[in-house]
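**Q** Just the structure for this:
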Amino acid sequence: MALRACGFIVFRRLASCLPPPDNIEYLLLQTSYGEHHWTPPKGHVDPGEDDLTTALRETKEEAGLGEEQLQVIDGFVHELRYEVRGRPKEVLYWLAELRDAGTAVTLSDEHQDYRWARLEEACTLAQYKDLQDTLRAAHRHLEDKQR
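**A** Reported below is the predicted structural model:
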């Protein structure tokens, strides 16, 4: 049985002179363990918990951003499958906009840093191709909704 985790690709729109979608930044958290990799907030599904509830709980725990601060974007959910220490893992990511771009991020002990980054910087930080592809898919989804 695969490990299952769920989370959100959280983004904010900057009130700037940049036109959409160049005014979009994505939230990435840097782990305080292992290789200190960067990912969107996510975590393991607790027994009896549904996937979306897990994503909301983990985003609150890891970044201090609760359901009331996020607007879930319809029509986007992306699944990643990979191995961690020889065990299969599945991760589901939804897409959510931070309602107020100035809302502070509050990290848990699991993370040592965070960054708001435009798409290309976010992809550089993410390192893993499947996560980069997921970020690009989220960005395309937002571009399509702008049209």
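**Q** Please state the offset of the longest helix anywhere in the chain from the chain centre?
**A** Counting by DSSP state H, the longest helix found in the chain is helix 129-146. Here helix 129-146 is found 11 Å from its chain centre; the criterion is C-alpha atoms, centre = their mean, to the nearest Å.
**Q** Assumed Met73 was part of a strand.
**A** Residue 73: Ile, not Met. Yes - assignment of Ile73 by DSSP: H, G, I helix; E, B strand; the rest coil places it within a strand.
**Q** How much space separates it from Arg140?
**A** Distance of Ile73 to Arg140, computed by C-beta to C-beta, to the nearest Å: 12 Å. C-beta coordinates here come from the backbone N, C-alpha and C atoms, glycine included.
**Q** who's more crowded, those two?
**A** Ile73 (18 against 13; other C-beta atoms under 10 Å).
**Q** Identify the residues contacting that one.
**A** 94-97, 141-142, 145 (C-beta atoms under 8 Å, 6 or more residues apart in numbering).
**Q** do that again at 10 Å, thanks
**A** By C-beta atoms under 10 Å, 6 or more residues apart in numbering, the contact set of Ile73 is 8-9, 11, 94-97, 138, 141-142, 145.
**Q** Kindly report the same for Ile9.
**A** 26-28, 39-42, 55, 73, 76, 78, 93-97, 122, 131, 134-135, 137-139, 141.
**Q** just to revisit the earlier point, Throw together a ChimeraX command that grabs the buried residues out of the contacts of Ile73.
**A** In ChimeraX, a selection of the buried entries from these looks like this (16 or more other C-beta atoms under 10 Å):
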select :8,9,11,94,95,96,97,138,141,142
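**Q** Closest to Gly64 out of the contacts of Ile73?
**A** Phe8 (12.9 Å; C-beta to C-beta).
**Q** so the helix or strand hosting that closest one versus helix 129-146, what angle?
**A** Using DSSP states H and E, Phe8 falls within strand 3-13. Relative orientation of strand 3-13 versus helix 129-146 (axes from the mean of the first three to the mean of the last three C-alpha atoms, to 10 degrees): 40 degrees.
**Q** hmm, back to that, what are the buried residues along the longest helix of the chain?
**A** Within helix 129-146, the residues scored as buried using 16+ other C-beta under 10 Å are 131-132, 134-135, 138-139, 141-142.
**Q** possible to save these as TSV with distance to Ala117?
**A** Below are these laid out as TSV (distance: C-beta to C-beta, whole Å):
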residue	distance to Ala117
Leu131	13
Gln132	12
Thr134	14
Leu135	9
Ala138	13
His139	12
His141	18
Leu142	15
